[in-house]
Every structure is written in structure tokens, then in C-alpha cells.
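In: The amino acid sequence is not available; the structure is as follows:
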Ligand SMILES: *Cc1c(COP(=O)(O)O)cnc(C)c1O
């Protein structure tokens, strides 16, 4: 029998696309919670309070707004469960994550024959993948063109595509859905808690899903925020869906939502953890206290600082996301992206390569939105670049960063 020594995991600087470094207050809330079952009064109250804070975070009056236990894919699976075999769906794919969203959707929209023909990557004719080149955003024109041509029942897009670091046009997507009578769905895993938007401003998008570990920063595995418009809920009431655990109607009951209204009481769905509820609650309190608008502005401001610094080192950013810079190495060192990322990771500096072609470097600033934190990221990346043999003056780069923070824009 093997009994291993206690598992020790070092603290790293999580400077990738996600997860972000969890706030100590969230860890403390996790550790301070008592062992209480999932029907204990304060656990239930915590869930109901989280539900109200989530509506605030999403900018919505949707009653069906709650968390799906697990990671981002759990929340996405819950909204994508509205799609049944044979449904016609248009999926916009401009990177790793919208690509995986497309795979899930193809699995759900497949017939038994489609699945049997290719179980792990089915290709049903009724799912149209609109493949947008890496590094390009999905535009209003692309959304309009695809929906006019295909007239699907559903359309799916990522809001921020974390694979390539691109912000997609949510207004254009909404408008095209509205014009062609399409039910829109959005992967907001990398935008909730980072960008400032109200989902009620996009009424043609009937379901949204996010995650616990990016903008919301509630990493002790907790809840993937989701929100459904009444049209989405009506559809599940009418047609059902092939899941118990991710069924929006059944999950909602545990969060005190039954038949479209808030209730004081909760109905068992699965065993929720007091620790997860407490930490998620604290993560939402931290986000809403900092302010949605203020947080979004801070991400934009500090992302520009990082982008300027890596550009001064000779890198070429191709992203426009506020929490992440995706870039190419200078031409002299092209092809060595994985090597420099590996060197950084070996030293507890957790940056990432892209997970699908082309290979690029991704550096993120989740929960690092202050001068000191960005300066540390730039400092460590500059050292790794010099070690790789890239020629630039670190002094000039660091001075440029200091200037950026000292300028008028810092005060604005
Ligand atoms: C991170 C990410 C996901 C997956 O989230 P997990 O928490 O890893 O399940 C899905 N979509 C996008 C856009 C993401 O950035």
C-alpha cells in the first residue's frame, strides 16, 4: 500500500489567462466556515444571498441567475443543455475555448448516428461552425452574415475568447440574433468580473455562463455563474433537457427559485459544500465592493501598462482583452515561445502558451491590478526574455513602465 507524504503545493504567481490568484479573504472564508450540511439555514441563506449578488454582478433582473457547482465548463454545459439533437446552431469559433464550446454543442445537437460515426468529435450537419482566424474578433458583420444565411434556432459566441485574447462584438451578435429570430447564447467565462456590461442590455441572448476562477476569483472550486432569460426557461419547461445535474430548473430550486419566483426555502438538488458557499459569497462581496465599473477600468489601465512594457521588449501583442496580453516573440526568437513559458513556470511564474495553433505567449493580470503587481510581472518576464537571449535594455523597459504610472493617465 502506498501512502504518500502530505501534499504540499507552492504558492505561484498566477499570471496566465486564469485562474487568478485568489484573494486571501476568499481563502479565509473557505477555512473559517463550519461543517454544516447543505440544508442548514445559514448555508441556504448564503446561497440565496449569492444569487442576489450574482444578479448584480451580471447586471440582470433574470430570476434564473445562480451558480452551477464546478468549473466554467459546468456552467456552459448547463446552458448548452438547452440544445437538443437536430437543433440548428451557428457557432462562432475564434480560439481554443469557443472551439471547445463548438465541440460540446456538436455533441448535444448530434443524432445517434452522428455520435456513432465520430463519438469524440461528431460533425452533425445541423451545427455550422463559423471559423474565424486566430487573432481576429467576431464582428457584427460576421454575425449578421452567418445568421442571415443559416437562420439557425440558436447561435453561440464567446464574449472574450481567452485562447487568442480577443473581445468579440456582443452588441453585433445580439442585434443579429434579434433581427433573425435566433436565440443567442454566450460564453462569458472570461468577461464576467472583468468587463463592465449588463446582460439585460442584450435581450436576444437568452443564456449566459461564466466561471469561478477568472473575473470572480473564487478559486476554491465553487460555482460557475449562469443566467437564463424567461424564454430559455420556457424552452426547458416545454422540451426538457438530457441532464439531471445541469438541468437549470432543478439546480434553481436549491438556490430558492421555483416556478419563476424567488422562495425563502430551498429544495435539495445536490450536496453543496458550506466551504464553497462561504468562499463564493466572499468573492462576490469583494467584487461588488470594488465596483463593477471601477474594476473594469482598472483592468484596462493595467493591461495597457503590461502591453506597453512587453512591446518595449520587442514582443508583438495581438490581443485586445483587458485581463490578458497574447503576443508573439520578436522575430529573432520566434518558435521559442514554449521554451520561455516553461522557464518561467519552473520558477513559479505561471504564464501560459496558447493551447491551440499558432503558439503564442499569454500573460494575464487577474487580481494583479495595481502598479506593484504589474511591475513584478514585467520584471520577471524581462529577466526570462534576457535569459533567452533577446536583446533589449531592461532599464529602459522598467523606466517606461514607471513613466506610464507616473503620467496623467495614472491619475485619471
Ligand atoms: C477558462 C475558459 C473556459 C473553461 O473554464 P474552466 O473553469 O476551465 O472550466 C471556457 N471558456 C472560456 C472563454 C474560458 O476562458
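Out: Yep, it's here. Since the structure is predicted, the reported quantities are computational estimates derived from the model, not experimental observations.
In: how about the helices of the stretch 101-250 of the chain, start to end?
Out: Here the stretch 101-250 of the chain has its helices, by DSSP state H, counting those that start in this stretch, at 112-117, 140-150, 170-180, 230-239, 248-254.
In: and the ligand, which of those helices is closest to it?
Out: Closest to the ligand of the helices of the stretch 101-250 of the chain, according to CB to the nearest ligand atom: helix 170-180, at 13.0 Å. C-beta coordinates here come from the backbone N, C-alpha and C atoms, glycine included.
In: by contact count, what packs against the closest one?
Out: Helices and strands touching helix 170-180, by 3 or more CB pairs under 8 Å, 6 or more residues apart in numbering; DSSP states H and E, are helix 140-150, strand 154-158, strand 183-187, strand 205-209.
In: So in that sheet, which strands flank the second one, and in what orientation?
Out: What that stands for is strand 154-158. strand 89-93 (parallel), strand 183-187 (parallel) (DSSP bridges).
In: quick one: the first one to helix 140-150, angle?
Out: Right, strand 89-93. 150 degrees (axes from the mean of the first three to the mean of the last three CA atoms, to 10 degrees).
In: Strand 89-93 near the ligand anywhere?
Out: No - Strand 89-93 stays clear of the ligand (CB under 6 Å from any ligand atom), getting no nearer than 11.6 Å.
In: Which among the helices of the stretch 101-250 of the chain is found nearest to residue 28?
Out: Residue 28 sits nearest to helix 248-254 of all these, at 25.0 Å, using CB to CB.
In: what's downstream of that closest one, the next helix or strand?
Out: Using DSSP states H and E, the helix or strand that follows helix 248-254 in sequence is strand 257-258.
In: Contacts for that following strand next, please.
Out: Under the criterion CB atoms under 8 Å, 6 or more residues apart in numbering, residues 51, 63-64, 66, 252, 263, 267 lie in contact with strand 257-258.
In: what about 6 Å?
Out: residue 63 (CB atoms under 6 Å, 6 or more residues apart in numbering).
In: next structured bit after that strand?
Out: Note on strand 257-258: by DSSP H and E, the next helix or strand toward the C-terminus is strand 261-262.
In: Quick check: which element contains the nearest residue to residue 209 once chain neighbours are set aside?
Out: Of all residues not flanking residue 209 in the chain, residue 75 sits nearest, at 3.7 Å (CB to CB, 6 or more residues apart in numbering). Per DSSP H and E, residue 75 falls inside helix 72-80.
In: now the angle between strand 89-93 and that helix, please.
Out: Going by the same axes, to 10 degrees, helix 72-80 is angled at 150 degrees with respect to strand 89-93.
In: what helices or strands is helix 72-80 leaning on?
Out: When contacts are defined as 3 or more CB pairs under 6 Å, 6 or more residues apart in numbering; DSSP states H and E, helix 72-80 sits against strand 64-69, helix 96-109, strand 205-209, strand 223-228.
In: Touching that helix from outside, list them.
Out: Under CB under 6 Å, 6+ apart, the answer for helix 72-80 is 68, 104-105, 108, 185, 187, 189, 207, 209, 211, 224, 226, 246, 248.
In: Can I get the helices and strands packed on helix 170-180 in a markdown table including mean neighbour count, mean pLDDT and distance to the ligand?
Out: Formatted as a markdown table, the helices and strands packed on helix 170-180 follow (neighbours: other CB atoms under 10 Å; pLDDT from 0 to 100; distance: least, CB to the nearest ligand atom, whole Å):
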| stretch | mean neighbour count | mean pLDDT | distance to the ligand |
| --- | --- | --- | --- |
| helix 140-150 | 17 | 98 | 17 |
| strand 154-158 | 29 | 98 | 5 |
| strand 183-187 | 26 | 98 | 5 |
| strand 205-209 | 27 | 98 | 8 |
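In: can these go into JSON lines with extra columns for distance to residue 393?
Out: Below are the helices and strands packed on helix 170-180 laid out as JSON lines (distance: least, CB to CB, whole Å):
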{"stretch": "helix 140-150", "distance to residue 393": "41"}
{"stretch": "strand 154-158", "distance to residue 393": "38"}
{"stretch": "strand 183-187", "distance to residue 393": "41"}
{"stretch": "strand 205-209", "distance to residue 393": "45"}
